[in-house]
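Student: next input, structure requested:
(one chain, ligands or ions: 1)
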Amino acid sequence: MDRHVAIRARGVTKCFREVVALDGVDLVVGHGQIHGLVGPNGAGKTTLLGLLLGLAAADSGSIEILGTPLRQALDTPDGVAGFVDGPGLYPSLTARQNLAALARLRGLGPAGIDDVLDEVGLADVADDRAHGFSLGMRQRLGLAAALLTRPRLLVLDEPSNGLDPAGKRDVHRILTRLAADGVSVVLSSHRMDDVETLCSEVTILAAGRVVFSGPLGKLAAENDELDYRVITSDPPAAGRVARATAGIVVLNKGDVLVVRGPVAALDDLVVRLVGDGISIREFAPVVSPLEAAFLALTDGEAGR
Ligand SMILES: Nc1ncnc2c1ncn2[C@@H]1O[C@H](COP(=O)(O)OP(=O)(O)OP(=O)(O)O)[C@@H](O)[C@H]1O
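Tutor: Just a heads-up that it's a prediction; the model follows:
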């Protein structure tokens, strides 16, 4: 038993007939960490999140949640909440009634319902029926339902799905605040920018296996051959300087200067540009380290 981590999964395997959805998966999530789960369609993300929520049992391996080993389905300890495949809601009930029904099922009183509705930005539509809700509103209501139980571990399958930019910002704000209070969060997403903004650690799954797990910074360190877009005050001169810098490969992407090279050569290029009086307005990876790693590590695995 390990009380220092929220989730410790080792060698988890899950098959659906001949389909191996998870194949020896390890996952460690610390307290107060927001951990991203990414992978192509069919990689096993929802299956893994479902196991963490106790919706099914693993075929083999071990899963420990909040210090308690999971032995069978529906065995999750108190303090775990979330959803997979979209939040389960009663369409004919209002937002408030949905939460009241859930509170009764969990043996909780109605106290807190207004607070969580307010927290997820649904206070104004609290008495509207859920069947008229947009995808983003249903996601918010699902999050409200999870928050109602005051969880110590939140397990969320694509929580930003269907949210507009303001909704996404609200959800990010809520999750970041919860994590600051020590709540652990595991979430899946197809949006690399979401994962990069929210998560300190990420696990990349491909075909049921973990191909990377660790801090986002480690991915950046392992990707020193990214393409960088360089926007300057004098593009022709910058192109000439880049071509003359040892170790730098210049790639033409329209009018925009794009370079590739080891970190030392990129550093040298910056020094030379500035030395030549060329102002650097932007020096940024064309695709983020996470996206580059995702594409490199999951190449050919999509669409099982
Ligand atoms: N209940 C099930 N019965 C049969 N096969 C299943 C079942 N659930 C998942 N699978 C299969 O297991 C594999 C992993 O599916 P899973 O839904 O976990 O992937 P995912 O990473 O969440 O994909 P997506 O990004 O498309 O949601 C897929 O091949 C899927 O078809």
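
Student: residues contacting the closest residue to Ser184 other than its chain neighbours?
Tutor: Leaving out its chain neighbours, the residue that sits closest to Ser184 by Cβ to Cβ, 6 or more residues apart in numbering is Ala6, at 3.6 Å. All C-beta spots, glycine's among them, are computed from the backbone N, C-alpha and C. Ala6 is in contact with 29-31, 33, 65-66, 152-153, 184, counting by Cβ atoms under 8 Å, 6 or more residues apart in numbering.

Student: quick one: the most centrally placed residue in the chain from the ligand, how far?
Tutor: The residue lying closest to the centre of the chain (Cα atoms, centre = their mean) is Gly36, at 3.2 Å. Gly36 sits 13 Å away from the ligand, going by Cβ to the nearest ligand atom, to the nearest Å.

Student: helix, strand or coil for that residue?
Tutor: Of the three states, Gly36 takes strand under DSSP: H, G, I helix; E, B strand; the rest coil.

Student: Val263 versus that one, what's the distance?
Tutor: 25 Å (Cβ to Cβ, to the nearest Å).

Student: can you classify the residue nearest to Ser184 as helix, strand or coil?
Tutor: strand.

Student: quick check: it vs the ligand, distance?
Tutor: Applying Cβ to the nearest ligand atom to Ala6 and the ligand gives a distance of 21 Å.

Student: again with Pro236
Tutor: In terms of Cβ to the nearest ligand atom, Pro236 sits 44 Å off from the ligand.

Student: near the ligand, which residues of the chain show up?
Tutor: Proximity of the chain to the ligand (Cβ under 6 Å from any ligand atom) is limited to residues 16, 19, 21, 39, 41-47, 304.

Student: and which of the residues you listed is nearest to Phe212?
Tutor: In terms of Cβ to Cβ, no member of the residues of the chain next to the ligand lies closer to Phe212 than Gly39, at 10.1 Å.

Student: contacting residues for the closest one?
Tutor: So Gly39 contacts 45, 188, 204-206, 298, 301 (Cβ under 8 Å, 6+ apart).

Student: state the pair within those residues that is farthest apart.
Tutor: Between any two of these (Cβ to Cβ), the greatest distance is 15.6 Å, for Ser188 and Glu301.

Student: thinking again about what came up before, wait, isn't the residue nearest to the centre of the chain in contact with Met192?
Tutor: No - counting by Cβ atoms under 8 Å, no contact exists between Gly36 and Met192, whose distance comes to 9.0 Å.

Student: for the residue nearest to Leu148 when sequence neighbours are not counted, helix, strand, or coil?
Tutor: Distances taken as Cβ to Cβ, 6+ apart place Val116 nearest to Leu148, at 5.2 Å, with adjacent residues excluded. Assigned by three-state DSSP, the conformation of Val116 is helix.
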